[in-house]
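**Q** for reference, the sequence and a predicted model appear below.
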Amino acid sequence: MKIVYFGYDLFADCLEMLPSLGVEVMAIYSFPSDGVCDFHDRVRSFAERRGIPFTVNRVTEQALERLADEGCTLMVSAGYAYRIPMREGGLRGINLHPALLPCGRGAWPMPITILRGLTESGVTLHKLAPRFDEGDILAQERFALAPNETLITLTKKLQAAAPPLLREFFAAPEAMWRNAREQGEGEYWQQPSISDMTITPSMTLAEADRILRAFAGAECFWCDGEISPRRIRSARVMPEKPSISSAHRLRDGYLEILS
């Protein structure tokens with residue numbers, strides 16, 4: 001099967017697995033990396049090693065028509081930031097989404113999963129549809145979340161859960177396509193706001209810890225109301241004041257900013 005791939009490094013293991021499934025990747029579309037949460041180094045390297053056209057520009061309907069004329073039969077999306085043009089009679093497509101749809105629609109559901117204190121998450125493989133994350137569900141992989149789950153550990157679980165879904169699909173694509181089920185009513189999660197990402201002195205240890213865990217490996221903020229929010233890449237909370245003088249007071253403990 002010949003496909004066009006859309007995505008970044010979140011599910012790079014899936015991209016690198018495709019040749020072993022007998023899948024030919026004709027082109028790869030990504031998007032500009034912010035160097036904080038989004039990277040496409042592995043995806044770009046995969047393309048370069050195999051001589052596959054790679055771009056961070058938005059895909060166009062004309063480009064998809066050209067790929068279809070050259071034998072492409074499927075679009076595979078795995079965290080693509082842009083809307084993929086869909087038209088009646090055009091290429092059909094599938095998407096890997098890092099949440100258990102129909103809840104958790106949206107571009108970045110992982111931090112929200114932790115901020116809400118959910119006990120379960122997973123990956124959904126679904127049909128691409130004109131509306132984001134609303135296509136019929138092909139398969140899902142569920143897993144439990146630990147009480148101390150972080151964005152880093154959740155991401156690793158998502159990355160482990162995604163490849164089996166693609167293997168299942170490419171083993172019997174037509175059967176899975178026919179047996180897909182409608183999502184029904186769902187819930188769209190907006191991307192976290194600055195407020196969602198900001199720790200303040202009025203917060204408890206538990207509240208501050210949840211924000212640190214939800215954005216571990218990315219960044220969040222500290223704001224005491226007197227200065228502009230300070231970016232945090234690494235920090236910890238503790239009930240007793242540490243020996244350093246730069247620890248910040250919380251309602252029932254302290255925040256130590258490491259970087």
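**A** That came in fine, so what should we check first?
**Q** CA only for contacts and neighbour counts going forward, please
**A** Noted.
**Q** now the helices for the stretch 1-150 of the chain?
**A** For the stretch 1-150 of the chain, the helices defined by DSSP state H, counting those that start in this stretch cover 12-17, 41-50, 61-69, 109-115.
**Q** now do the buried residues in the second one.
**A** Of the residues in helix 41-50, Arg42, Val43, Arg44, Phe46, Ala47 count as buried by neighbour count, 16 or more other Cα atoms under 10 Å.
**Q** one more: the shortest one?
**A** By 16+ other Cα under 10 Å, the buried positions in helix 12-17 come out as Ala12, Cys14, Leu15.
**Q** list the contacts of it.
**A** Here helix 12-17 makes contact (Cα atoms under 8 Å, 6 or more residues apart in numbering) with Tyr5, Arg42, Val43, Phe46, Gln159, Ala162, Pro163, Leu166.
**Q** which helix runs longest in this protein?
**A** Longest helix in the chain by number of residues, with DSSP state H as the criterion: helix 151-171.
**Q** show me where the stretch 151-259 of the chain has its helices.
**A** Here the stretch 151-259 of the chain has its helices, by DSSP H, counting those that start in this stretch, at 151-171, 173-178, 205-214.
**Q** CA atoms only: put the first one into PDB for me.
**A** The C-alpha trace of helix 151-171 is given here as PDB (Å, rounded to 0.1, in the frame of the first residue of the first chain):
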ATOM      1  CA  LEU A 151       3.200  14.400  30.700                       C
ATOM      2  CA  ILE A 152       6.500  12.600  30.200                       C
ATOM      3  CA  THR A 153       5.300   9.200  31.500                       C
ATOM      4  CA  LEU A 154       1.900   9.600  29.700                       C
ATOM      5  CA  THR A 155       3.600  10.300  26.400                       C
ATOM      6  CA  LYS A 156       5.700   7.200  26.700                       C
ATOM      7  CA  LYS A 157       2.500   5.100  27.300                       C
ATOM      8  CA  LEU A 158       0.900   6.700  24.300                       C
ATOM      9  CA  GLN A 159       3.900   5.900  22.200                       C
ATOM     10  CA  ALA A 160       3.900   2.300  23.300                       C
ATOM     11  CA  ALA A 161       0.100   1.900  22.600                       C
ATOM     12  CA  ALA A 162       0.000   3.400  19.100                       C
ATOM     13  CA  PRO A 163       2.100   1.000  17.000                       C
ATOM     14  CA  PRO A 164      -0.100  -2.100  17.700                       C
ATOM     15  CA  LEU A 165      -3.200  -0.100  16.400                       C
ATOM     16  CA  LEU A 166      -1.500   0.500  13.100                       C
ATOM     17  CA  ARG A 167      -0.300  -3.100  12.800                       C
ATOM     18  CA  GLU A 168      -3.900  -4.200  13.400                       C
ATOM     19  CA  PHE A 169      -5.200  -1.900  10.700                       C
ATOM     20  CA  PHE A 170      -2.700  -2.700   8.000                       C
ATOM     21  CA  ALA A 171      -3.300  -6.500   8.700                       C
END
